[in-house]
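Enquirer: Task: produce atomic coordinates for the following.
(chains A and B)
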Amino acid sequence: MYIIVVGAGLIGCSFVGLALKENHEVTAIEQNEEKARSLLQKYNIKVLNADIAEGDILEEAQIERADMIVAATSDDSVNLMAMFLGKEQGVKNLITLINNRQHQTMFERLGVKVVVSPENIIAQRLYDFIDRA
Amino acid sequence: MKIEPDNPMRILKQIKLAPQARTIMRDMGLFLHVPGLMALISLFISLGWGEYYAILPFGLTILASVSLGQLLYRFRKGAAPARSRHAMITVALSWGIIPIIGAIPFMAIAASLGDGMDTSATVSVFHQPWNAVFESFSGFTSTGLSMALDPAQLPYSLQWWRSLTEWVGGVGVIVLMLSLLQPATDAYNLYSAEGRSRRIALTVRSTVRSIWWIYLVYTVFSITLLKIAGMPWWDALNHGLTGISTGGFSITSGSIGAYAPVIQWATIPIMILGAISFPIHYQLLRRRDLSALWSDAQHRALWLLLILGGILLLLENAVSQDAWLWRDSLFQWASALGTCGFNTTDLKAWSPSAKLLMTLGMFVGGAAGSTVGGLKLNRFVALLQAIAWKFQRLMLTPHQILRYRLGNQVVSETEANRHIESVAVLAFLWLLLLILGIFGLLSQVSPIYTLSDVLFEATSALSSVGLSTGITHPDLTWGGKLVLILFMWMGRLEIMPVLLLFILPWRSLLRRF
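Expert: Numbering: from 1, shown residues only, chains lettered A, B, ... in the order given. Sure, this is the predicted structure:
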């Protein structure tokens, strides 16, 4: 599968690592140069150091053959833009991280799979352990 | 009233020197003891062979070495800790002075044997100081170019002394650099048998010790291998010493070519072992990890070049000489690339293309961190890498950034650029010096030698190889010998330390004068 990851923060980085382990092809887009370089030091993938709002950046990432776009930045408007552009290009799987819960419905209207605030997920997992005990 | 002459020691103490100068003199003083120790060991060899005339020459060497060493060591008071700049100067100066002390046995033994009818021409040659100094420089830089017309005619003491200088000289540069350099520098890491270990002071000593240990093991192995292959003990001992140190002095007139084919084949792995870096040997011996031989770019390049160059040389010889010279081609290629300098055949008869190919091999040399000379494979690989990066950058999409991989680690763009810059500068210097030397040598040699011969000889000296097209001969003018001596000296120390010596602010080291 060919996956485009937008945002190479902690979560983006970990995702790239997991995807590579499953032998998927990954391209990452990150606007912070330092983060982009540190991702490249860890993994041998194509990294674009650019802002997704800049015109043709998703074309440069060859979105036309992408099977999935994952938006993992800490800025919901950037994530939204990635999802919107992905939808426009007909990418089948659109997944995003949401930092603000209030944005959830807007994303879902786009037909996007949503992961709400990572803190909640961790809390939920911790709670699950209690349940089982 | 009589004026009492000053006690010379007191004068010495009154000279005001900058602390760095004292450091340099102290360290040099220590290293200058080395030829004395070597002469002491050689004394027993002379006694063993009953060559009593060699006792005085070796005694003189011990005297010169120890007295000069002690004199310089007197300046240790107030010495500052060595910085890498001073370490480089110390190494450059030591490598210039030690061979001069090492020339004493050649001259003194030649002198004590006299010029009588019994003395062979080979020994008489060393009445000339130029020849003795040349031979000694060739030994201590583990080069192997020789003024001896027929090494078989040399007394056992001198055969041994030549082999010993190469054996000590080969590993000496590494040990010196290691014990003087700051443990954090790149050069240090290159030689460190512990790989990426940074436990400083403790490991310097243990690293040096493990290098000597590895060196000894391989030396014993080489001698045994040659003995099993059929060499007599004395021959195996000498060629074992000069083979593993990638030196190349021989004790026969035809180098390894004087022995049976089996011995020639057995010498190839010894030359290759000498071209593998010590950290890899360490992993091989300690961890029994064969994959270490394939683990880094420069050793992959070594295997690739060994195979590729061997085949090319074989084909070239097949075309130009109309014969499949399997043994000679593979042997000479290993000898050139590993900068060893053993011979199985007379290279004068080989085609210019074959010589040029071997010149390229000698220019590049073996793996850094071993006893080889030349530019060394890690730099060769880095330059190829830089070419690859250049093209990769052209292929990038507008926003894509390039992943810089050096050896087995990914580095930042700045680090990558700095590394390539220093390698490119050194490679350029190397070429520049080579061209200058070729001009110099061309003006000194007899017109029967072609440009390709001169290029071959100059590269052989600069890369401390020791293969010769015949230019190295007692009949060469002193100017020509000087060019080759300078080349051996500069090449062994990778040019920079010697250049540093010339551009040094000498005034700052002397406070008063």
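
Enquirer: Return the residues of chain A in contact with chain B.
Expert: Within chain A, the residues that sit near chain B (Cβ under 8 Å from any Cβ of the partner chain) are A:33, A:36-37, A:40-42, A:44, A:46-50, A:54, A:57, A:60. All C-beta atoms are positioned from the backbone trio N, CA, C, and that covers glycine.

Enquirer: ok, so of the residues you listed, who is nearest B:Thr344?
Expert: Distances from B:Thr344 to the residues of chain A next to chain B, taken as Cβ to Cβ, are shortest for A:Asn44 (44.9 Å).

Enquirer: Contacts (any at all) between chain A and stretch B:412-427?
Expert: Yes - counting by Cβ under 8 Å from any Cβ, chain A is contacted by stretch B:412-427 at B:412-413.

Enquirer: Longest helix in chain A, please.
Expert: Taking DSSP state H as the criterion, chain A has its longest helix at helix A:118-132.

Enquirer: Grab the CA positions of that one and hand them over as CSV.
Expert: Extracted in CSV, the C-alpha atoms of helix A:118-132 (Å, rounded to 0.1, in the frame of the first residue of the first chain):
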residue,chain,number,x,y,z
PRO,A,118,-4.7,10.9,21.4
GLU,A,119,-4.9,11.7,25.2
ASN,A,120,-8.4,10.2,25.3
ILE,A,121,-7.3,7.0,23.6
ILE,A,122,-4.6,6.4,26.0
ALA,A,123,-7.0,7.1,28.9
GLN,A,124,-9.5,4.7,27.4
ARG,A,125,-6.8,1.9,27.1
LEU,A,126,-5.8,2.4,30.7
TYR,A,127,-9.4,2.2,31.8
ASP,A,128,-9.8,-1.0,29.8
PHE,A,129,-7.2,-2.7,31.9
ILE,A,130,-9.3,-1.9,35.1
ASP,A,131,-12.4,-3.4,33.4
ARG,A,132,-10.7,-6.7,32.8
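
Enquirer: elements contacting that helix?
Expert: Using 3 or more Cβ pairs under 8 Å, 6 or more residues apart in numbering or on different chains; DSSP states H and E, no helix or strand is in contact with helix A:118-132.

Enquirer: In chain B, which residue sits nearest chain A?
Expert: The nearest approach of chain B to chain A comes at B:His399, 3.9 Å away (Cβ to the nearest Cβ).

Enquirer: Could you point out which residue ranges in the stretch 301-450 of chain B have low pLDDT?
Expert: Within the stretch 301-450 of chain B, no range satisfies pLDDT under 70.

Enquirer: For the residue of chain B closest to chain A, give me its contacts.
Expert: Contact analysis of B:His399 by Cβ atoms under 8 Å, 6 or more residues apart in numbering or on different chains lists A:48-50, A:54, A:57, A:60.

Enquirer: Of those, which one scores lowest on pLDDT?
Expert: The member of those with the lowest pLDDT is A:Glu54, at 81.

Enquirer: Just give me the neighbour total for that one.
Expert: 14 (other Cβ atoms under 10 Å in any protein chain shown).

Enquirer: Over to B:Gly479?
Expert: 13.

Enquirer: now A:Leu39
Expert: By other Cβ under 10 Å, 24 other residues sit near A:Leu39.

Enquirer: How about B:Leu47?
Expert: 14.

Enquirer: Hmm, it is touching B:Tyr53, no?
Expert: No - here B:Leu47 lies out of contact with B:Tyr53, judged by Cβ atoms under 8 Å, at a distance of 11.5 Å.

Enquirer: can you list the weak-confidence ranges in the chain?
Expert: No chain in the question, so chain A it is. Ranges of chain A meeting pLDDT under 70: A:131-133.

Enquirer: To clarify, I was referring to chain B.
Expert: Looking at chain B by pLDDT under 70, you get B:1-16, B:81-83, B:116-118, B:180-203, B:505-513.

Enquirer: can you list the residues of it near chain A?
Expert: B:397-401, B:403, B:410-413.

Enquirer: sorry, back to before: could you point out which of the contacts of B:His399 is nearest to B:Phe106?
Expert: Checking the contacts of B:His399 one by one against B:Phe106 (Cβ to Cβ), the nearest turns out to be A:Asn49, at 63.7 Å.

Enquirer: Could you tell me how far the nearest residue to B:Leu40 once chain neighbours are set aside is located from B:Trp212?
Expert: Leaving out its chain neighbours, the residue that sits closest to B:Leu40 by Cβ to Cβ, 6 or more residues apart in numbering or on different chains is B:Ile62, at 5.8 Å. The gap separating B:Ile62 from B:Trp212 is 22 Å, by Cβ to Cβ, to the nearest Å.

Enquirer: More neighbours: which of the two?
Expert: B:Ile62 (21 against 12).

Enquirer: got the contact list for the more buried one?
Expert: Going by Cβ under 8 Å, 6+ apart, the list of residues near B:Ile62 reads B:36, B:39-40.

Enquirer: what's the answer for B:Met490, then?
Expert: B:433, B:462, B:498-499.

Enquirer: Of those residues - the most surrounded one?
Expert: So for the contacts of B:Met490 (other Cβ under 10 Å), the most neighbours sit at B:Leu462, 27 neighbours.

Enquirer: Next secondary structure element downstream of the host helix or strand of B:Thr122?
Expert: Assigned by DSSP states H and E, B:Thr122 belongs to helix B:121-124. Once helix B:121-124 ends, the next helix or strand along the chain (criterion: DSSP H and E) is helix B:129-140.
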